[in-house]
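K.L.:
mind looking at a prediction? Sequence and model below.
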2 protein chains.
Amino acid sequence: MAVQTAESTPNSGNPANATAAAVDLGPAAALSCRECGHRVPLGPVFACEECFGPLEIAYDFSAYDTEELRRRIEAGPANIWRYAPLLPVPADVADKPNINPGWTKLVKADNLARELGVTGGLYVKDDSGNPTHSFKDRVVAQAIEAARAFGFTTLSCSSTGNLAGAVGAAAARAGFRSCVFIPHDLEQGKVVMAAVYGGELVGIEGNYDDVNRFCSELIGDPAGEGWGFVNVNLRPYYAEGSKTLAYEICEQLGWRLPDQLVVPIASGSQLTKIDKGLKELIELGLVEDKPYKIFGAQAEGCSPVSTAYKAGHDVVRPQKPNTIAKSLAIGNPADGPYVLDIARRTGGAVEDVTDEQVVDAIKLLARTEGIFAETAGGVTVGVTKKLIEDGVLDPSLTTVVLNTGDGLKTLDAVAGTGLTATIRPNLDSFREAGLA
Amino acid sequence: MAVQTAESTPNSGNPANATAAAVDLGPAAALSCRECGHRVPLGPVFACEECFGPLEIAYDFSAYDTEELRRRIEAGPANIWRYAPLLPVPADVADKPNINPGWTKLVKADNLARELGVTGGLYVKDDSGNPTHSFKDRVVAQAIEAARAFGFTTLSCSSTGNLAGAVGAAAARAGFRSCVFIPHDLEQGKVVMAAVYGGELVGIEGNYDDVNRFCSELIGDPAGEGWGFVNVNLRPYYAEGSKTLAYEICEQLGWRLPDQLVVPIASGSQLTKIDKGLKELIELGLVEDKPYKIFGAQAEGCSPVSTAYKAGHDVVRPQKPNTIAKSLAIGNPADGPYVLDIARRTGGAVEDVTDEQVVDAIKLLARTEGIFAETAGGVTVGVTKKLIEDGVLDPSLTTVVLNTGDGLKTLDAVAGTGLTATIRPNLDSFREAGLA
């Protein structure tokens, strides 16, 4: 994908009525390069003009009093906007039309803990409770507010699934036109789920890489003026949505840090931002400053980060994905090096499981906790099991496992599941089947 | 279905260790016949021994102070157990393993209101946010607690969809064995969704009526001892779960009654219990005593109650269902007469819409509010539109429309939705398609 910087692109995508001075995104003060620290004003850009590193939001939290902030959060709405003081959104964000995701259940998974031998407390953060049933609602909700601030009128993305639905739904509610690009030969079910919200849904004759390449072209062209691509030119804002997972987990634990977290890796952005969120809570004094370990989870069929981790490398070698965990199937994860750094720095690890182990883990979670996870949830639960068996994850510590999506969207993965018996409608047949 | 009364059945299903005296279901004091008022102790029975009328929970709310109760509710968990003081559950219910549904979003639907011309405030109560994405989680969660109190070890039901998943999930988490009966030839997707939780899923060679008949036989047989059928012998407890919709709507409106509610009708139990919940809130002083109107919504292809309503009848003549709104397709609704009474008493109405109008309404709700409803949600939104057009529903009043399920479970209904364009991956093709 072409690199876009603050000044080097023909079309900044920043309409005239949205100069940096006019942008109110709450505590967000500037964009800052993760690599070299170079700062630029808030705008729809994502790469550093100095070193091409990724831009992140830099905040000004200096005015906050810890206990006042805690009370403000606790009095806030039952969605991610309770954390508005810590996000790149205006203070009145909860009054604007948005999809309002978050504040999903942190399920105390005692049955699963027994099966896995966890004694220190095991929790599943279940993001299937979001409006379109995946964690993507968190990041899209952020992108919507950035798009509003920058005066964009069309919301767009390239997608093969969850993101298309999240963008379609959020755009509909927030009053944006949406135009989502997908490979033209996607499964009918996924097309329906993305199309039902009434936005433009454009099939591209080509594969996902062709779709991505086309979107980069469109951003740099006058035809893309006024368009916010949630995961490209709005990416610094979009990515911050994942911080809310960290905030919610800690608040739901009673303003405590978990000892261990197991997080799926696609681009690696979610894991990176969860770490950022935890560090912010420590710095703000909202939780005690104590160590935590972050573990990354991949499917063996797309495991560039776990492969690099096990080999002791600092760089991630791209892979061609081949796994049923399609929502994690990014062969060249942009934040892979940051994930390696976080896993090593915190004392965590990165591990992968086979597709068969993913399916077994989906069934294990459903059977023990009544949570039907998508394949990505099978990856995290499967990796948790493997890490415990290998003695890497400490079962005596408080552990949180993320489920980022919904089993209804990946029914094929467990298609082998079915009737345990078929009987005639009478008691004799019932008894013969041994069901009594 | 055979009528089961407190004393007339060979197997009461009430294990020896669960005598009436030992049962702690909070404020639930007894079972009372809706028809004749005859009272019996709490137990797993559902029909009056005197007149065969349906048994309901009779409560003792006499000890409650209004403002203390309000504070207790507001300090409670973000699920239905915040209303534990008003439900047939023990006071410590939130500490027991259960699926913990409820506290779903009440979405202020301003975009939809504009399209429909509603000026008094339009809200969608979106129960797709429940754990298995339908309102059935509310009623099953209640049945679980009754099953626990009565010492049952197996949870069961007959189902063609949503209920099977809700029972499977809740039983898994709460530590019950589950054995769910379905017609043997259900669609594979529905079978997978019900089977993934690992309980027994038994296909019956026959149609849904055959499944129901078999379940009645099983309840009366020693083979069914220790079995709680959530919608049969646990029905009085199960049905109370629908009251929580009324409680949540009013609390989310700031402890105000809506002026108008549009509720789907399957058996009619949900509408009846919502009315019961609203009346309780008035009696307890938690909301102002003012009139409200309840409107019932059916699909034309299964409209026994709206047909009776329009004909001015007090009895409901059974129909053979033929509609895409399968979760509402009960041709002989047990609570139909009560629904007629409530619609007439409150100044509401009962209306129906065609399958085509259901599909249009699903798309309308998705396009305006980003909510992807199952067919039952299409029925309520479609009926709301029709009632406004006909001058029956007053657009200047505060109106709440229920969406009780998730579009992901009825994808076939909108299968015609698809790509708006297909292009080659370049800007010329993009411009030719008129998308710029």
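P.N.:
Now that the structure is in, tell me what you want to look at.
K.L.:
I'd like the next helix or strand past the helix or strand in which A:Ser306 is found.
P.N.:
For A:Ser306, the enclosing helix or strand under DSSP states H and E is helix A:304-311. Following helix A:304-311 in sequence order, the next helix or strand is helix A:336-346 (DSSP H and E).
K.L.:
and that following helix, how far out from the chain middle?
P.N.:
Computed by C-alpha atoms, centre = their mean, to the nearest Å, the separation of helix A:336-346 from the middle of its chain amounts to 17 Å.
K.L.:
cool, stretch A:297-304 as well?
P.N.:
Distance, centroid of stretch A:297-304 to centroid of chain: 16 Å (C-alpha atoms, centre = their mean).
K.L.:
ok, stretch A:229-242 next?
P.N.:
If you compare the mean C-alpha spot of stretch A:229-242 with that of the full chain, they lie 11 Å apart, counting by C-alpha atoms, centre = their mean.
K.L.:
for it, output the C-alpha coordinates as PDB.
P.N.:
Extracted in PDB, the C-alpha atoms of stretch A:229-242 (Å, rounded to 0.1, in the frame of the first residue of the first chain):
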ATOM      1  CA  PHE A 229     -11.100   5.200   5.000                       C
ATOM      2  CA  VAL A 230     -11.400   3.900   8.600                       C
ATOM      3  CA  ASN A 231      -8.400   1.600   8.500                       C
ATOM      4  CA  VAL A 232      -6.200   3.900   6.300                       C
ATOM      5  CA  ASN A 233      -6.300   7.700   6.600                       C
ATOM      6  CA  LEU A 234      -8.300   7.500   9.800                       C
ATOM      7  CA  ARG A 235      -6.200   4.600  11.200                       C
ATOM      8  CA  PRO A 236      -4.600   6.600  14.100                       C
ATOM      9  CA  TYR A 237      -8.100   7.400  15.500                       C
ATOM     10  CA  TYR A 238      -9.600   4.000  14.600                       C
ATOM     11  CA  ALA A 239      -6.900   2.100  16.300                       C
ATOM     12  CA  GLU A 240      -7.500   3.900  19.600                       C
ATOM     13  CA  GLY A 241     -10.800   2.100  19.900                       C
ATOM     14  CA  SER A 242      -8.900  -1.000  21.100                       C
END
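K.L.:
near chain B at all, that stretch?
P.N.:
No. With C-beta under 8 Å from any C-beta of the partner chain as the criterion, chain B is not reached by stretch A:229-242; the gap is at least 13.9 Å. Backbone N, C-alpha and C define where each C-beta goes, glycine included.
K.L.:
and that stretch, what's buried?
P.N.:
Neighbour-count burial for stretch A:229-242 flags A:229-242 (criterion: 16 or more other C-beta atoms under 10 Å in any protein chain shown).
K.L.:
quickly list the domain ranges of chain A.
P.N.:
If you go by automatic domain parsing, the domain ranges for chain A are A:20-63+A:134-237, A:106-132+A:239-414.
K.L.:
re earlier: tell me the one among the buried residues of stretch A:229-242 nearest to B:Leu278.
P.N.:
In terms of C-beta to C-beta, no member of the buried residues of stretch A:229-242 lies closer to B:Leu278 than A:Gly241, at 37.2 Å.
K.L.:
thinking that closest one is in contact with A:Trp81, fair?
P.N.:
No. Using C-beta atoms under 8 Å as the test, A:Gly241 is too far from A:Trp81 to be in contact (11.4 Å).
K.L.:
in the helix or strand harbouring A:Lys125, what's buried?
P.N.:
The secondary structure element spanning A:Lys125 is strand A:122-126 (assigned by DSSP H and E). Of the residues in strand A:122-126, those with enough neighbours to count as buried (16+ other C-beta under 10 Å) are A:122-126.
K.L.:
who are the packing partners of it?
P.N.:
Here strand A:122-126 touches strand A:106-108, helix A:110-116, helix A:243-252, strand A:399-403, going by 3 or more C-beta pairs under 8 Å, 6 or more residues apart in numbering or on different chains; DSSP states H and E.
K.L.:
and those as CSV, adding mean neighbour count?
P.N.:
As requested, the helices and strands packed on strand A:122-126 are arranged in CSV below (neighbours: other C-beta atoms under 10 Å in any protein chain shown):
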stretch, mean neighbour count
strand A:106-108, 19
helix A:110-116, 18
helix A:243-252, 24
strand A:399-403, 29
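K.L.:
make CSV from the ones you listed and add mean pLDDT and distance to A:Glu300 to it.
P.N.:
Rendered in CSV, the data for the helices and strands packed on strand A:122-126 read as follows (pLDDT from 0 to 100; distance: least, C-beta to C-beta, whole Å):
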stretch, mean pLDDT, distance to A:Glu300
strand A:106-108, 98, 27
helix A:110-116, 98, 20
helix A:243-252, 98, 25
strand A:399-403, 98, 18
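K.L.:
for chain B, find the nearest of those.
P.N.:
Taking C-beta to the nearest C-beta as the criterion, chain B comes closest to helix A:110-116 out of the helices and strands packed on strand A:122-126, the separation being 6.8 Å.
K.L.:
how about A:Gly347: what's its closest non-neighbour residue?
P.N.:
In this structure, A:Gly347 finds its nearest non-sequential neighbour in A:Lys293, 4.8 Å apart by C-beta to C-beta, 6 or more residues apart in numbering or on different chains.
K.L.:
count of neighbours near the one you found?
P.N.:
Around A:Lys293 there are 21 other residues, counting by other C-beta atoms under 10 Å in any protein chain shown.
K.L.:
and the pLDDT for it?
P.N.:
Among the per-residue scores, A:Lys293 holds a pLDDT of 98.
K.L.:
one more: A:Thr417?
P.N.:
Taken from the predicted model, the pLDDT recorded for A:Thr417 is 89.
K.L.:
quick check: the nearest residue to A:Tyr59 once chain neighbours are set aside vs A:Leu284, distance?
P.N.:
Spatially, and ignoring its direct neighbours in sequence, A:Tyr59 is nearest to A:Pro27 (4.7 Å; C-beta to C-beta, 6+ apart). Note on A:Pro27: its distance to A:Leu284, by C-beta to C-beta, to the nearest Å, is 11 Å.
K.L.:
go on, A:Trp103?
P.N.:
Going from A:Trp103 to A:Leu284 by C-beta to C-beta gives 19 Å.
K.L.:
which one of the two has more residues nearby?
P.N.:
Here A:Trp103 and A:Leu284 are compared on neighbour count by other C-beta under 10 Å; more neighbours surround A:Trp103, at 23 against 16.
K.L.:
surely the more buried one is within a helix?
P.N.:
No. With the criterion set as DSSP: H, G, I helix; E, B strand; the rest coil, the secondary structure at A:Trp103 is coil rather than a helix.
K.L.:
give the contact list for it.
P.N.:
Applying C-beta atoms under 8 Å, 6 or more residues apart in numbering or on different chains, one finds that A:Trp103 lies in contact with A:77-80, A:82, A:248, B:78.
K.L.:
hmm, try it at 6 Å
P.N.:
With contact taken as C-beta atoms under 6 Å, 6 or more residues apart in numbering or on different chains, A:Trp103 is in contact with A:78-79.
K.L.:
just the C-alphas of the strand holding A:Lys125, formatted as PDB.
P.N.:
What follows is strand A:122-126 as a C-alpha-only set of coordinates in PDB (Å, rounded to 0.1, in the frame of the first residue of the first chain):
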ATOM      1  CA  LEU A 122     -10.200 -16.900  34.500                       C
ATOM      2  CA  TYR A 123     -12.300 -14.400  32.600                       C
ATOM      3  CA  VAL A 124     -13.500 -14.100  29.000                       C
ATOM      4  CA  LYS A 125     -14.000 -10.600  27.700                       C
ATOM      5  CA  ASP A 126     -16.800 -11.400  25.300                       C
END
